[in-house]
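Undergrad: Take this sequence and fold it.
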Amino acid sequence: MTSYQILCLLATLALTTSLISSHLHRLQETVAITAFSLCLSLLVLLVGKGLGDDIYAPLVQGLQQLDFDAVLLKGMLGFLLFAGALQIRLKVLRHQKWEILTLSLLSTGISTCVVGGVLYWIAPWLGLPLQLSHCLLFGALISPTDPIAVLAIIKKLGAPEDIAIQVEGESLFNDGIGLVIFVSIFQLAFSTEPLTLADVGSLFLREALGGILYGALLAGALYLLFRLCEDDAQLMLITLSIPTAGYVFAETLGVSGPLAMVSAGILIGNVCIPKYFSHFERLKLGVFWSLIQAFFNDLLFLLLGLILLLVHFDTELWWFVLTAIPLVLFARTVSVLLPYLGFRLFKSYNPYAEGILIWGGLRGGLAIAMAMSLPEGTTLSAASELSVRDLLLVMTYAVVLFSILVQGSTIPGLIKRSNRVMPVAAQARPSPGLKEMS
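TA: Numbering: from 1, shown residues only. Okay, the predicted model is just below:
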C-alpha cells in the first residue's frame with residue numbers, strides 16, 4: 001500500500017475510535033484513543049508471536065513507510081499549532097506574559113540541564129555509561145511540554161483562567177524553543193564539525209526570532225488576502241494557506257515553522273478576524289478549525305499507541321525506561337518551582353498553580369517525532385551494540401505514554417480542586433474557545 005492509502009485507513013480507524021471513546025465518559029477522549037491503539041498494538045504483537053509475521057510484518061512496514069516524524073513535524077504540527085494559537089486572546093495573554101516567557105525559555109533550559117545532568121550521573125549505575133551530549137539530547141527532546149497534548153486534554157477541563165493561559169501559552173511557545181535546543185545539541189552530538197557558542201546564538205536568532213517575524217509577515221499577507229475574498233467560504237478556506245504553504249516556506253527559509261504558526265495564529269485571531277469577520281462568520285470559522293483540530297488530534301493519538309510496534313525494547317534498557325519517568329517529573333518539578341519562587345514575590349496565584357503546571361506538563365507526539373528523527377547506527381559505546389536512537393526512543397515513549405495515560409487521566413481531579421478555591425488574584429475574562437472567537 002502507498003503512504004496515502006495507509007494514512008486513509010488510519011484516519012478512518014482514528015475517527016471510529018473517537019466515536020467509540022466519546023461514550024466512555026470517565027476517560028478523556030485522547031486518553032481513550034491512545035489506550036485503545038496501545039491495546040491494539042499489544043494484540044498485534046501477541047498475534048504476531050503466536051501466528052508468525054503474516055499480520056505483524058505488514059503493519060510495521062506500513063508504519064515505517066508512513067514516516068511518523070515527517071508526518072507530525074512537517075505536516076500535522078502546523079495545523080494543530082495554528083488552530084491552537086487562533087484561540088489565544090492577546091488581552092488575556094498580556095496578564096501572563098512574563099510567566100509564559102519565563103516558563104518557555106528558562107524552565108525549558110533548566111529541565112534540559114537537570115534531565116541531562118542526572119541521567120549522565122546515574123547511567124553508569126544502570127549499566128550503560130552515556131556521553132553527556134546524548135544525555136542532554138534526551139533532556140532537550142523531552143523537556144518541552146507538547147502543545148498538542150496540552151491543548152487536547154488540559155484546555156477541555158476548565159482549569160482556572162490564570163493557570164490555563166500559562167499552561168497553554170507555555171506549551172505553544174516552548175516547543176519552538178525546545179526544537180532550537182534540540183537541533184543545537186543534535187549537531188553537537190552527531191556533527192563532525194565543532195559547534196561554538198556563536199553558532200548556537202545564530203541558530204536561535206534565525207530559528208526563534210526569525211520564526212516569530214515570519215509568522216507576523218504571514219499574518220500581514222493573509223490580512224491583505226482577506227480584502228479580496230467575496231464570501232465567507234473564501235474567508236475560511238484562505239486561512240488554510242498559513243499551515244500549508246506558510247509552513248513549507250518556513251522550512252525553506254530556515255526559520256522555526258512552529259513559532260511562525262503560533263505568532264501568525266495569534267495575530268490573525270486578534271487582528272485580522274475581528275476586522276473582516278462578522279459574528280456569524282467567526283462562529284463558522286470556529287467550527288471549521290475545530291473540525292480540523294479534532295481530526296488531526298484523533299489521528300495523532302492513534303498513531304502514538306501504534307508506535308509501540310516500531311519501538312525496539314531490549315532487556316538492557318529496562319532500568320533506563322523505569323528511571324526516565326521519575327527523572328522527567330523531577331526535572332519538571334524543579335523547572336516550575338524555581339520560577340514560581342520569584343513569581344509569588346510579586347503576584348498571588350491559585351495554590352494549585354504549581355501542581356497543575358507540573359502534572360499537566362504533558363509530553364506527546366512532538367517528543368517521539370524528535371526521537372525518531374535521530375540517526376540510526378550510532379552505538380552507545382564501543383563495547384555496546386545498542387544504538388543511541390533505540391535508547392532515547394524507548395525512554396521517550398515510556399514518558400509519553402505515562403504522561404498521556406496517567407497524568408492525562410488524573411489531572412481532572414487536581415483541576416476540580418483548584419476550581420473550588422476562590423481566585424486570589426484578579427482574573428481576566430475567560431478565554432473564549434475556538435467556537436466563540438470574537
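Undergrad: how about the strands of the stretch 251-400 of the chain, start to end?
TA: Secondary structure of the stretch 251-400 of the chain (DSSP state E, counting those that start in this stretch): strands at 379-381, 384-387.
Undergrad: tell me the centre residue of this structure?
TA: Residue closest to the average C-alpha location in the chain (CA atoms, centre = their mean): residue 146, at 2.4 Å.
Undergrad: and it, what is it in contact with?
TA: 171, 175, 362-367 (CB atoms under 8 Å, 6 or more residues apart in numbering). No exception for glycine: its C-beta is placed from N, CA and C like everyone else's.
Undergrad: Kindly report the same for residue 7.
TA: So residue 7 contacts 66, 71 (CB under 8 Å, 6+ apart).
Undergrad: Please identify the helix or strand for it.
TA: Per DSSP states H and E: residue 7 is located in helix 3-21.
Undergrad: Next: residue 137.
TA: Using DSSP H and E, residue 137 maps to helix 132-142.
Undergrad: Need the phi and psi values for the closest residue to residue 417 other than its chain neighbours.
TA: If the residues on either side of it in the chain are set aside, residue 417 comes closest to residue 352, at 6.2 Å by CB to CB, 6 or more residues apart in numbering. Dihedral pair for residue 352: phi -100, psi 10, per degrees, to the nearest 10.
Undergrad: Check residue 94 and give its pLDDT.
TA: Confidence at residue 94, expressed as pLDDT, is 79.
Undergrad: Next, work out how far apart it and residue 321 are.
TA: Separation of residue 94 from residue 321 (CB to CB, to the nearest Å) stands at 42 Å.
Undergrad: Compare those two (neighbour count), which wins?
TA: Just comparing residue 94 and residue 321: by other CB atoms under 10 Å the higher neighbour count belongs to residue 321, 16 against 11.
Undergrad: how about that one, what does it touch?
TA: By CB under 8 Å, 6+ apart, the neighbours of residue 321 are 313, 394-395, 398.
Undergrad: Just the buried ones from these, in ChimeraX syntax?
TA: In ChimeraX, a selection of the buried entries from the contacts of residue 321 looks like this (16 or more other CB atoms under 10 Å):
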select :394,395,398
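Undergrad: which one of the contacts of residue 321 sits closest to residue 256?
TA: Comparing these against residue 256 with CB to CB places residue 395 closest, at 25.1 Å.
Undergrad: Setting the sequence-adjacent residues aside, check what's closest to the closest one.
TA: Using CB to CB, 6+ apart, the nearest residue to residue 395 is residue 324, at 4.0 Å.
Undergrad: Assess the claim that that neighbour and residue 399 are in contact.
TA: Yes - between residue 324 and residue 399 there is a contact under CB atoms under 8 Å: 5.3 Å.
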